[in-house]
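What shape does this take:
(one chain, ligands or ions: 1)
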Amino acid sequence: MRLARRALLGTPLAATALAQEPGLRALAEARGLVIGNMVTRGQLRDHPALQPLLRRDAALITPGLELKWDTLRPDPESFNFAPAEEVAAFTLAGGMDLRGHTLVWHEALPRWFDPAAMPAPQLRATLERHIRTVAGHFQGRIASWDVVNEPIGENGLRDGPHSDPDLIRQAFLWAREADPGARLVINDYDLELGDRRQDGRRTAMLRLLERLLRAGAPVGALGIQAHLAPRSAPFDAARLARFLRDVAGMGLAIEVTELDIVDRLLPADIAARDAEGAAMAADFLRVALDQPAVRMLVLWGLSDVQAWQQDSAFARRRDGLPSRSHPLDREMAKKPLWHAIAGALRA
Ligand code: G3I
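The predicted structure follows:
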């Protein structure tokens, strides 16, 4: 495959055609959609080949680690913005926008911050200071902020810093005051597929959104992570379309925030694996992009060199093979997933 590509590149005509093939950014722009990608400071440094490809395929960047508490808050007193500023500099230099991820989450917390061990007034004060300082620092530079990440547990609201709906409402109000222009988002996973467990999660999310909106929280969008896991549950277009309609009916925008493929249940064979992952992404995007409230599509990594799945006890493959979760392979060549996303954008 690579040989054939090199042979092709030898002819000036073919080289021009390849260079002119529009990237995902141009395809998304043509239909009024913002397409984005996640990257970390470490990935930008370790894989410089990613940089021009991100500019080709993304109009927005989500820093993958740099806006999480464990990076921003080395101790209770200080804020370390340097890693996030490095990703922001790359982003703005490439004419891309920034997405903020995330102000309130139960993971990626520094050792000094254990929400369960903190008395309620101290927890509230700690969250308020963090949200006002971080959202205030980036004021005017963030297109949308994941104010609250993963609030849905297996039975309604998850235990942790966001188990109290009034604290969630407050978090949105603090973020709104600190950055009046950013779209404020609730972001969660396992809202995409068609089994009863995800039905339950969708229902819990709808209830939470209703409750927050009724209480006056300035929620602007629902973020659907879309870590799509083929064979973990069936895809059901009608159920997904209904859910998106229900969310849009509340007056909210919808952002797809972390699209990738969790390939742990797929066969080892690379062609079969890539084809099945790409097919699920195509099915998902056919429904998602058909809903006018879906304004943004962010991928959680462009190349397989970025695969977080390998470091996750849950998402990694049992046979030890490297995950093939992203649109480009480790050599930065386009995979069927890239073409599935491009096809969905063109449709
Ligand atoms: O960089 C250090 C490395 O120096 C060290 O040797 C190694 C040892 O564990 O850890 C490395 O840091 C890890 C980092 O990823 C970079 O690989 C952290 O331990 C690990 O916790 C961190 O995981 C990230 C995770 O969020 C927690 O922040 C994943 O990369 C990132 O993809 C994942 O992203 C989440 C979203 O925020 C929310 N939705 C789900 C998504 C996937 O889990």
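
Next, find the distance separating G94 from E86.
13 Å (Cβ to Cβ, to the nearest Å). (Each C-beta comes from the backbone N, C-alpha and C, glycine too.)

What number of residues are in the vicinity of P76?
Counted with other Cβ atoms under 10 Å, residues neighbouring P76 total 10.

Next, the nearest residue to it once chain neighbours are set aside: phi, psi?
Spatial nearest neighbour of P76, excluding adjacent residues (Cβ to Cβ, 6 or more residues apart in numbering): W112 at 5.5 Å. Main-chain dihedrals, W112, degrees, to the nearest 10: phi -70, psi -10.

wait, doesn't V256 sit right on W300?
No - assessed by Cβ atoms under 8 Å, V256 is found out of contact with W300, at 10.1 Å.

any idea where the strands of this structure begin and end?
34-39, 60-63, 97-104, 142-149, 152-153, 156-157, 183-188, 221-224, 227-228, 253-261, 294-299 (DSSP state E).

which other residues reach the fourth one?
Applying Cβ atoms under 8 Å, 6 or more residues apart in numbering, the contact partners of strand 142-149 are 34, 60, 97-105, 131, 135, 162, 168, 171-172, 175, 179, 182-188, 219-221, 223, 255, 257, 296.

in the stretch 101-250 of the chain, what residue is nearest the ligand?
A108 (3.7 Å; Cβ to the nearest ligand atom).

got the contact list for D260?
D260 is in contact with A226, H227, L228, L299, W300, G301, Q309, S325, H326, counting by Cβ under 8 Å, 6+ apart.

at 6 Å what do you get?
Contact analysis of D260 by Cβ atoms under 6 Å, 6 or more residues apart in numbering lists H227, W300, G301, S325, H326.

Write out the residues of the stretch 101-250 of the chain neighbouring the ligand.
Counting by Cβ under 6 Å from any ligand atom, the residues of the stretch 101-250 of the chain close to the ligand are E107, A108, N149, Y189, Q225.

Buried subset of these, written for PyMOL?
Buried residues within those, by 16 or more other Cβ atoms under 10 Å, are selected in PyMOL with:
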select buried, resi 149+189+225
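
Can you lay out the residues of the stretch 101-250 of the chain next to the ligand as a markdown table showing pLDDT and distance to D274?
Output for these, formatted as a markdown table (pLDDT from 0 to 100; distance: Cβ to Cβ, whole Å):
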| residue | pLDDT | distance to D274 |
| --- | --- | --- |
| E107 | 95 | 29 |
| A108 | 97 | 30 |
| N149 | 97 | 29 |
| Y189 | 98 | 22 |
| Q225 | 98 | 21 |
